[in-house]
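A.B. asks: How does the following fold in three dimensions:
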Amino acid sequence: MKKAKKILVAMSGGVDSSVAAAVLIEEGFDVTGVTMKLWGGSSDTGCCSVSDVIDARRVADQLGIPHHVFNFGDEFDAHVVEPYVEAHALGETPNPCIECNRHVKFDKLFRRANALGFDMIATGHHAQITEEKGNFRIMRSVDQSKDQSYVLHMLTQEQLQKLQFPIGTMTKKQVREKANALSMQTAGKADSQDVCFISRTKGGRQIFLQERLEMTSGKVIDTTGVKIAEVEAVEMVTIGQRKGLGVSGERNPQYAIDVDVQQATVTVGSKNDLFCQETPIINLHWVGNPDSDILDVQTSAHGKTSRARVDGHVIWEEPRMKVAPGQSVVFYKDNEVVGSATATKTTR
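C.D. replies: Numbers count the residues shown, from 1 in each chain. Below you'll find the predicted structure:
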């Protein structure tokens, strides 16, 4: 009799990872659940709260599988929290969930799983992995309204061949229906939408950053260089922001079109001033060979795609809104992730 593959399932305490574990048991895997304790500070959101650990353990008990808690707090601080603060200090808009995937969930956890003798790991991400002639590809989820391939663009061939996304072929409705059928207490649990180490309370992000970063008050200028207002913290402003700039303009709304922390200056303009033809990028990475075709390009976790080609910059087919520096730019072809980059400061 063939021995079942040992698989470690990252269980966040949500419905997706709960059902992922159940699906793998049905498929014959030898399943163990693990919850990663990432954030040592207070938390009322995301996958870092005490209640989420308890929910994950209860589901594991219900499924009859072992459950462990791994403390990866040091890695999380070094690779997610500190870079998050540093990015704001530079006037960038970071994506901590992507860095958590890159450095913790699909690096530290992989290495720990290998050391413990597991054959594979699995998560509850809404995405798919396909394989053709030994080449593994990241594909969008069947339920594209919940697709999470954008935050998985950094995965390598070595990681993909030892990774499972059990619910990638299910819609969210089907996931909840299966959880209900199994009487899981996580069946009706709301999806996490927030950064796990930032409180949901009003002003939570600013409070968090003020404790770790000396904020810089600055001036707000228009496109001609005339000062028209002031902001308390330049580091809190992001490209495209309208509120909180001290600029009234109901008839002619003003948006942040540039943030310069070094000069303590925010430039505002009309919505038309937000549009650009090209987006400068760094950290360009192709999954396979570089692709010069017109691609579908996604610039936020659940944003719509725009058509563009990549040639040093991302060159848009039609002018589109500027991408905040620090955001991931992910390239798709026929629902497949073919590459990625990071937006940097717009120069034209």
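A.B. asks: end-to-end on stretch 79-99?
C.D. replies: Distance between the two ends of stretch 79-99: 7 Å, counting by Cα to Cα, to the nearest Å.
A.B. asks: What mean pLDDT does it get?
C.D. replies: In this model, stretch 79-99 carries a mean pLDDT of 94.
A.B. asks: Which residue ranges of the stretch 101-250 of the chain form helices?
C.D. replies: With DSSP state H, counting those that start in this stretch as the criterion, the stretch 101-250 of the chain has helices at 109-115, 157-160, 172-181, 204-210.
A.B. asks: Just send the ones you listed back as CSV, with mean neighbour count, mean pLDDT and distance to residue 96 too.
C.D. replies: Any C-beta I mention is one placed from the backbone N, CA and C, and that applies to glycine too. As requested, the helices of the stretch 101-250 of the chain are exported to CSV (neighbours: other Cβ atoms under 10 Å; pLDDT from 0 to 100; distance: least, Cβ to Cβ, whole Å):
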stretch, mean neighbour count, mean pLDDT, distance to residue 96
helix 109-115, 16, 97, 16
helix 157-160, 14, 94, 20
helix 172-181, 16, 97, 23
helix 204-210, 16, 90, 11
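A.B. asks: in stretch 298-313, what's buried?
C.D. replies: Of all the residues in stretch 298-313, those buried under the rule 16 or more other Cβ atoms under 10 Å are 298-299, 301, 306, 308-310, 313.
A.B. asks: hang on, the earlier thing: quick check: which of the helices of the stretch 101-250 of the chain is nearest to residue 339?
C.D. replies: Closest to residue 339 of the helices of the stretch 101-250 of the chain, according to Cβ to Cβ: helix 157-160, at 14.0 Å.
A.B. asks: list the helices and strands that closest one packs on?
C.D. replies: If contacts are counted by 3 or more Cβ pairs under 8 Å, 6 or more residues apart in numbering; DSSP states H and E, helix 157-160 sits against strand 135-140.
A.B. asks: that older thread, next step: the buried residues of stretch 298-313 restricted to strands.
C.D. replies: Taking DSSP state E as the definition of strands, those contribute 298, 306, 308-310, 313.
A.B. asks: nearest to residue 107, of those residues?
C.D. replies: residue 298 (23.0 Å).
A.B. asks: Would you mind confirming that the closest one is in contact with residue 148?
C.D. replies: No. Contact criterion Cβ atoms under 8 Å: residue 298 and residue 148 do not qualify, at 11.4 Å.
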